[in-house]
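# quick one, structure for this:
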Amino acid sequence: MVCAIAGKTREMVEAAKAANPDVLVATSRKTHPGFRKYELKAVKAGGGTHHRNSLSDSILVTQNHFDVVF
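Prediction:
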């Protein structure tokens, strides 16, 4: 399973970098239970990165946050 993740990540990274050499291909936090460590290593081996480990690593502000009236 992790070989396929690394291979697909490599394909996506190469395609993205062909269009924009400065682009980063990042994964989400969605992993299979018990395989997180291995799947994230596979993404890294394929040339990708992950943008955060958990919700506590950063914040995400979307348009609906701006629509709230204070």
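# burial measure for residue 48, as a count.
21 (other Cβ atoms under 10 Å). Using the backbone N, CA and C atoms, a C-beta is placed for each residue, glycine as well.
# so it is in contact with residue 16, correct?
No. Counting by Cβ atoms under 8 Å, residue 16 is not a contact partner of residue 48; they are 9.5 Å apart.
# what sits in contact with each of the two?
Shared contacts of residue 48 and residue 16 (Cβ atoms under 8 Å, 6 or more residues apart in numbering): residue 25.
# for residue 38, the count of nearby residues, please.
Neighbours of residue 38 (other Cβ under 10 Å): 14.
# residues contacting it?
The contact partners of residue 38, by Cβ under 8 Å, 6+ apart, come to residue 2.
# and the pLDDT at the residue nearest the centre of the chain?
Nearest to the geometric centre of the chain sits residue 27, at 1.4 Å (Cα atoms, centre = their mean). pLDDT recorded at residue 27 is 86.
# cool, and residue 45?
Predicted confidence (pLDDT) for residue 45: 95.
# check contacts around it.
6, 9.
# mind listing the strands for the protein?
Under the criterion DSSP state E, strands of the chain are mapped to 26-27, 49-50.
# I'd assumed residue 47 was in contact with the residue nearest to the centre of the chain.
No. Counting by Cβ under 8 Å, residue 27 sits too far from residue 47 to count as a contact (11.4 Å).
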